[in-house]
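Asks: Would you be able to build a 3D model of this:
(one chain, ligands or ions: 1)
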Amino acid sequence: LRTRVAVIGAGPAGLMLSHLLSLSGIDSVVIDLRERADIETTVRAGILEQGTVDLMTGTGVGERALSEGQCHGGIGIRSRGETRRIDLSGLTGRSVHLYPQHEVLKDLIAARLAAGGDLRFGVSGVSVHDVTTDTPSVRFTDADGTRVELSCAVVAGCDGSRGVSRSAVPESVRTDYFRAYEHGWFGILTEAPPSSDELVYTHSERGFALISSRTPSVQRMYFQCDPAEDAQAWSDDRIWTELRTRVNGNGFELREGPIIQRGVIPMRSRVLAPMGHGRLLLAGDAAHVVPPTGAKGLNLAVADAAVLCQALERFFHRGSADLLAAYGRTAADRAWRAQHFSWWMTSMLHTAADGDPFGLRRQLAEIDQVTGSRAGRTFLAEAYTGWPIPVTD
Ligand code: DHB
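Replies: Residues are numbered from 1 along each chain as shown. From the prediction side, this is the model:
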């Protein structure tokens, strides 16, 4: 089997890349270990930056995001029982969209299949070969058990932080910048009406909480927890008590309902440098992981795909590898900005396990400064709505 770009991983980076490539007349094959149904139902991120929505709309996959997603012109930052609004659209002219990641993936999969794209789910035994030659390949076993050798010109490693792609960059040439946090996020889905029109990022003495949404009847909420916490061991009542204690007060009250899904999400920061090796280029979580606090992970993956697609167009259509060589630097610039923002939001809003009275007061002062100054709010709003995706030509 032969293609120009072998894409490992059918997540946001891989599917967006394959979609954008096909619009430029560049063929690709996308493989993933997971089944399509898994990919289309696993609940993950929820916030699309303006640039992500614009890219989706501009390339014919944004229709449902616009009609079924919700546009949010602001977010709330809550501390000491008071919510202060960051007017995203007033401060930056941009907004964000609440539209779940798995819905983005459904839209991309549908578009690829409608265009006759070759997507293979449920594959196994994936390995990457000869990436320092002009004729790399990816080997895998198809869902029906057939062993496949996929010859290509470029391998796009979009298979996340635990995939095979990142380990195909030899340890002798790579640097792994890594930080683990002492916190995790306890995430729930609840059948309840929205508690707020906009997301509320809450700082409290008992720790961080985030009020988000999915649909008018299903809400997404998170609260800071020990990353080793066993989500199944918590009763609904205990979960609601924890959320209430952190968030309710001064007339704000969570609307509660049955909890229909729960899980604990680890928090870590990671950047791999360089973001590739020879003809292997990494995109999305394979290259960088952010803690969820800034809602950046999905958006970074999409931006990587956009930048990588431009480099591949130049390579295949004009025979120039200059943008491919620059891809890692361009993408890493954005990834590091997102690292800083996600780390900063995390450090401002999550409390230390040992209480740390100095740290708590420092955080309150920081929140007051950021929310009380137009410059502070603008800084947050610019980062939250996302930086422009670089366009060449
Ligand atoms: C959601 C997740 C995030 O990490 C975030 O910052 C905002 C919203 C969500 O799942 O809705």
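
Asks: Run a quick neighbour tally on residue 356.
Replies: Using other C-beta atoms under 10 Å, residue 356 is surrounded by 12 other residues. For the C-beta atoms, the positions are set from N, CA and C on the backbone; glycine is no exception.

Asks: my read is residue 110 is in a helix, agree?
Replies: Yes: under DSSP: H, G, I helix; E, B strand; the rest coil, residue 110 falls within a helix.

Asks: Going by contacts, tell me the helices and strands next to the host helix or strand of residue 328.
Replies: Per DSSP states H and E, residue 328 falls inside helix 322-349. Using 3 or more C-beta pairs under 8 Å, 6 or more residues apart in numbering; DSSP states H and E, the elements in contact with helix 322-349 are strand 175-191, strand 200-202, strand 259-273, strand 280-282, strand 288-289, helix 297-318, helix 357-372, helix 374-385.

Asks: Compile these into CSV and extend it with columns for mean neighbour count and mean pLDDT.
Replies: Output for the helices and strands packed on helix 322-349, formatted as CSV (neighbours: other C-beta atoms under 10 Å; pLDDT from 0 to 100):
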stretch, mean neighbour count, mean pLDDT
strand 175-191, 17, 97
strand 200-202, 24, 98
strand 259-273, 17, 97
strand 280-282, 28, 98
strand 288-289, 26, 98
helix 297-318, 24, 98
helix 357-372, 14, 97
helix 374-385, 19, 98
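
Asks: Would you format those as a markdown table with distance to the ligand included?
Replies: Formatted as a markdown table, the helices and strands packed on helix 322-349 follow (distance: least, C-beta to the nearest ligand atom, whole Å):
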| stretch | distance to the ligand |
| --- | --- |
| strand 175-191 | 7 |
| strand 200-202 | 7 |
| strand 259-273 | 9 |
| strand 280-282 | 22 |
| strand 288-289 | 13 |
| helix 297-318 | 8 |
| helix 357-372 | 16 |
| helix 374-385 | 9 |
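
Asks: What number of residues are in the vicinity of the closest residue to residue 304 other than its chain neighbours?
Replies: Closest residue in space to residue 304, ignoring its immediate chain neighbours: residue 283 at 3.8 Å, by C-beta to C-beta, 6 or more residues apart in numbering. Residues lying near residue 283 (other C-beta under 10 Å) number 34.

Asks: doesn't residue 302 make contact with residue 283?
Replies: No: look at residue 283 against residue 302 with C-beta atoms under 8 Å: they stay out of range, at 9.3 Å.

Asks: Contact residues of the stretch 101-250 of the chain facing the ligand?
Replies: Proximity of the stretch 101-250 of the chain to the ligand (C-beta under 6 Å from any ligand atom) is limited to residues 199, 210, 212, 220.
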